[in-house]
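Enquirer: Next one to model:
(one chain, ligands or ions: 1)
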Amino acid sequence: MKAYSLPDDHGHFGRFGGSFVAETLVHALDELRDAYEKYRRDPEFLNEYAYELKHFVGRPSPVYHARRWSEQLGGAQIWFKREDLNHTGAHKINNCIGQILLARRMGKPRIIAETGAGQHGVATATVAARYGLECIVYMGSEDVRRQASNVYRMKLLGTTVVPVDSGSRTLKDALNEAMRDWVTNVENTFYIIGTVAGPHPYPQMVRDFQAIIGTECIEQMPVDAGRQPDYVVASVGGGSNAMGIFHPYIDHADVKLVGVEAAGEGLDTGRHAASLNAGVVGVLHGNRTYVMQDENGQIQETHSISAGLDYPGVGPEHAWLKESGRAEYVGVTDQEALAAFHACCRTEGIMPALESSHAIAHAVRLAPTLPKDKIILVNLSGRGDKDMHTVAEFSGITL
Ligand SMILES: *Cc1c(COP(=O)(O)O)cnc(C)c1O
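Expert: Coordinates of the predicted model:
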């Protein structure tokens, strides 16, 4: 089984993936799969997607040599893929553009999404405004309270934010509520999932829309860096920015792929979001993958300093890449990510998202162990302006 031909017709990546949903959604998912199969080969669709990425998102994003920092570390050369420069400040918009173009072609006027930190909610609200579609975003009421500025951004963009009061009032509860809405309103509603998770065909579709990241790198690296990288490193929440940069490199066998999970306060503390490093195989969000659950099968609360990595599962293709040995997954703690955040600001004049700071922290760990002619390409998935309050709070400063 070759990685780049995955998933199979039923959405399986080895023993992971698939489609575990209520009977009422089977038809909707079949319809989505057929539409996606048709439009992913349709030149008009692909042209419109490329046009939007150029004119609305601002692609291509450059690759950047972190020269000063590489010199200080005295080892491998660190390069960044600058997804932080995209409209709305991260990679999530790439996928939202793709899905909303599909929603329009499928004649679905109503968009729903769920969000934890609010980043996917903002990206979805942005494309809904761009195309004038109704948009409803489910968000745990605890997250609504914690992420007030993203809630306001969504409202400014014309989206209705629905607080979810069940369970722990966080992302997993919002996930359930979004699924419930979809079951009820499946005729006129398109559910935009924000990462490489969910039932088939979402993991494949989101990966394909994010693969623009790696596709650009494959063209840019030989021109700007003289050759392809030795390592590609990316943070993993659900895994979409990582899958996006990994995918075109999977059949470049000598390029090592490293995913970085949030080890929070430490992998042995139970306070983390590292499903691949410390989770078990289970079913979440309509697919089989590694999840954080307790002995009763209940999904556990996750913890990370970076709200965007706080997802209790991981995309099924990552579970397969780990099991097959094609990619490696490591953990970076809150403290290590924070240190990388501060150093990146001061050394390169770039304020990275706390999610991306996890990937950067691993590159900083790796670089001194490698010769100077090696190249580590890090996916700088987003910008850190949104995280200033969190960083200040950790430093004991009130803004
Ligand atoms: C949401 C987010 C992530 C994590 O999501 P993935 O699906 O794992 O990519 C990483 N970086 C940034 C900047 C994000 O907003």
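Enquirer: name the helices or strands packed onto the longest strand that the chain contains?
Expert: As far as residue count goes, and with DSSP state E defining each element, the longest strand of the chain is strand 256-264. In terms of contact count using 3 or more C-beta pairs under 8 Å, 6 or more residues apart in numbering; DSSP states H and E, strand 256-264 is assigned the packing partners strand 231-235, helix 240-246, helix 275-278, helix 316-324, strand 327-333, helix 334-348, helix 354-366. All C-beta spots, glycine's among them, are computed from the backbone N, C-alpha and C.
Enquirer: got the angle for that strand vs strand 327-333?
Expert: 30 degrees (axes from the mean of the first three to the mean of the last three C-alpha atoms, to 10 degrees).
Enquirer: thinking again about what came up before, check the helices and strands packed on strand 256-264 for me and report the most buried one.
Expert: With neighbours defined by mean count of other C-beta atoms under 10 Å, none of the helices and strands packed on strand 256-264 is more surrounded on average than helix 240-246, at a mean of 31.
Enquirer: Measure how far it is from the centre of its chain, please.
Expert: For helix 240-246, the distance between its averaged C-alpha position and the chain's averaged C-alpha position is 7 Å (C-alpha atoms, centre = their mean, to the nearest Å).
Enquirer: next one: stretch 30-39
Expert: In terms of C-alpha atoms, centre = their mean, the gap separating the centre of stretch 30-39 from the centre of its chain is 22 Å.
Enquirer: Quick one: neighbours of the residue of the chain found nearest the ligand, just the number.
Expert: Using C-beta to the nearest ligand atom, the closest approach of the chain to the ligand is made by G382 at 2.4 Å. For G382, the tally of surrounding residues (other C-beta atoms under 10 Å) stands at 28.
Enquirer: which ones are touching it?
Expert: With contact set as C-beta atoms under 8 Å, 6 or more residues apart in numbering, G382 has these partners: E83, D84, G89, A90, H91, K92, Q119, G308, P352, A353, E355, S356.
Enquirer: any idea how far the nearest residue to it once chain neighbours are set aside is from A123?
Expert: Counting by C-beta to C-beta, 6 or more residues apart in numbering, the nearest residue to G382 once its immediate chain neighbours are dropped is A90, at 3.2 Å. When C-beta to C-beta, to the nearest Å is the yardstick, A90 and A123 sit 7 Å from each other.
Enquirer: Same question for N241.
Expert: N241 sits at a distance of 12 Å from A123 (criterion: C-beta to C-beta).
Enquirer: now do E393
Expert: Between E393 and A123 the distance, using C-beta to C-beta, works out to 25 Å.
Enquirer: Could you list the residues of the stretch 251-399 of the chain in contact with the ligand?
Expert: Counting by C-beta under 6 Å from any ligand atom, the positions of the stretch 251-399 of the chain adjacent to the ligand are G308, L309, A353, E355, S356, S381, G382.
Enquirer: and if we set it to 5 Å?
Expert: G308, A353, E355, S381, G382 (C-beta under 5 Å from any ligand atom).
Enquirer: What residues does the first one make contact with?
Expert: By C-beta under 8 Å, 6+ apart, G308 lies in contact with G116, A117, Q119, G237, A353, L354, E355, G382.
Enquirer: Just the closest of those to S70, please.
Expert: Comparing the contacts of G308 against S70 with C-beta to C-beta picks out A353 as the nearest, at 20.7 Å.
Enquirer: Could you report the neighbour count for the closest one?
Expert: Each residue near A353 was counted by other C-beta under 10 Å, and the total is 31.
Enquirer: and what of S168?
Expert: When neighbours are defined as other C-beta under 10 Å, S168 has 13 of them.
Enquirer: That one sits in which helix or strand?
Expert: No secondary structure element spans S168, as it lies outside all helices and strands (assigned by DSSP states H and E).
Enquirer: please begin residue numbering at 15 from this point
Expert: Done: numbering now begins at 15, and the last item shifts to S182.
Enquirer: and the residue nearest to it when sequence neighbours are not counted, what does it touch?
Expert: Counting by C-beta to C-beta, 6+ apart, the nearest residue to S182 once its immediate chain neighbours are dropped is E315, at 5.9 Å. Contacts for E315 (C-beta under 8 Å, 6+ apart) come out as S182, T184, P326.
Enquirer: okay, those residues in TSV with pLDDT next?
Expert: Converted to TSV, these look like this (pLDDT from 0 to 100):
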residue	pLDDT
S182	85
T184	87
P326	89
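Enquirer: where do the strands sit along the protein?
Expert: Counting by DSSP E, the strands of the chain are 26-27, 30-31, 77-79, 91-96, 124-129, 148-154, 174-178, 203-205, 245-249, 270-278, 294-298, 301-305, 341-347, 389-394.
Enquirer: Flag the shaky bits of this protein, pLDDT-wise.
Expert: Across the chain, residues meeting the criterion (pLDDT under 70) sit at 15-18.
Enquirer: how about a cut-off of 50?
Expert: Filtered on pLDDT under 50, the chain yields the residue ranges 15.
Enquirer: which helix is the longest one in it?
Expert: For the chain, the longest helix by residue count, based on DSSP state H, is helix 37-53.
Enquirer: Show me what that helix is packed up against.
Expert: Against helix 37-53 (3+ C-beta pairs under 8 Å, 6+ apart) you get helix 106-119, helix 185-198.
Enquirer: Could you export the ones you listed as TSV, including mean neighbour count?
Expert: Written out in TSV, the entries for these read as follows (neighbours: other C-beta atoms under 10 Å):
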stretch	mean neighbour count
helix 106-119	24
helix 185-198	20
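Enquirer: what does the stretch 65-214 of the chain put close to the ligand?
Expert: Proximity of the stretch 65-214 of the chain to the ligand is confined to A104, Q133, T209 under the rule C-beta under 5 Å from any ligand atom.
Enquirer: give the contact list for the second one.
Expert: Residues near Q133 by C-beta under 8 Å, 6+ apart: A104, K106, N164, G208, A321, G322, G396, K400.
Enquirer: Ok, the last one next?
Expert: Taking C-beta under 8 Å, 6+ apart as the definition of contact, the neighbours of T209 are H134, V220, G251, G252, G253, S254, Y325, G329.
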